[in-house]
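**Student:** 3D, please:
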Amino acid sequence: MSPSRPTDPRDPGRAAPSTGEARRPRHPEPRSPVRLAALLYGIIFLLVGIAGFIPGVTSDVGSMQLGGHHSEAMLLGIFQVSVLHNVVHLLYGIAGLALSRIAGTARMYLLIGGILYAVLWIYGLVIDKESMANFVPLNTADDWLHFALALTMVGLSFLPRHAEPTAAEAARG
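**Tutor:** Numbers count the residues shown, from 1 in each chain. You can find the predicted model right below:
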């Protein structure tokens, strides 16, 4: 590094690239286990949100309400859904896809999502399913699915944030 060249503000120990120097392309972070888990959950939530609107996959789609316990639509004939419920799944899926790009945000997606699902599980257990408090709507199958999601998402948030080196990378150093 010559003393007359300014330093790179991103790395003070390195000279700033001259206008003729090619910049190295930025490569995305390798897929770490926590990123893969967030991506997988994002895809699943997106697919579940779409499936909630598909007749045949969801029974009684014609009776689907915007929200509330009066919606009789049942995803896979088991899970009570509404437009609100499906839209939340779609948004949560999109968030998972976006946040899976960086290990730190992937971890937060899984951890915070798991905590929210734990709260939703408890909420579903304590409310009267026939009351206005059941605005999502939730049924017993939803409650136990939320419990499983809470456990798995919180657990997966502790996966490694860095990908294991490939054999070639390990051999280099």
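
**Student:** so what pLDDT did Phe135 get?
**Tutor:** We have a pLDDT of 89 for Phe135.

**Student:** Grab the nearest non-local neighbour of it.
**Tutor:** Excluding the flanking residues, the one nearest Phe135 by CB to CB, 6 or more residues apart in numbering is Gly67, at 5.2 Å. (Glycine included, C-beta is placed from N, CA and C.)

**Student:** got a list of what that neighbour touches?
**Tutor:** With contact set as CB atoms under 8 Å, 6 or more residues apart in numbering, Gly67 has these partners: Ser82, Val83, Leu84, His85, Phe135, Val136, Pro137.

**Student:** Kindly report the same for Ala98.
**Tutor:** Ala98 neighbours (CB under 8 Å, 6+ apart): Gly42.

**Student:** list the buried ones in the strand or helix carrying it?
**Tutor:** Counting by DSSP states H and E, the element that carries Ala98 is helix 83-99. By neighbour count with 16 or more other CB atoms under 10 Å, helix 83-99 contains the buried residues Leu84, His85, Asn86, Val88, His89, Leu90, Tyr92, Gly93, Ala95, Gly96, Leu97, Leu99.

**Student:** could you dump the residues you listed to CSV with distance to Tyr41?
**Tutor:** Formatted as CSV, the buried residues of helix 83-99 follow (distance: CB to CB, whole Å):
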residue, distance to Tyr41
Leu84, 20
His85, 17
Asn86, 16
Val88, 14
His89, 11
Leu90, 13
Tyr92, 8
Gly93, 8
Ala95, 10
Gly96, 5
Leu97, 10
Leu99, 10
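
**Student:** now for the longest helix seen in the chain, which elements pack on it?
**Tutor:** Determined from DSSP state H, the single longest helix within the chain is helix 103-126. Counting contacts by 3 or more CB pairs under 8 Å, 6 or more residues apart in numbering; DSSP states H and E, helix 103-126 packs against helix 33-51, helix 83-99, helix 140-156.

**Student:** can you list those in JSON lines and add mean pLDDT?
**Tutor:** JSON lines is the format used below for the helices and strands packed on helix 103-126 (pLDDT from 0 to 100):
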{"stretch": "helix 33-51", "mean pLDDT": "97"}
{"stretch": "helix 83-99", "mean pLDDT": "97"}
{"stretch": "helix 140-156", "mean pLDDT": "97"}
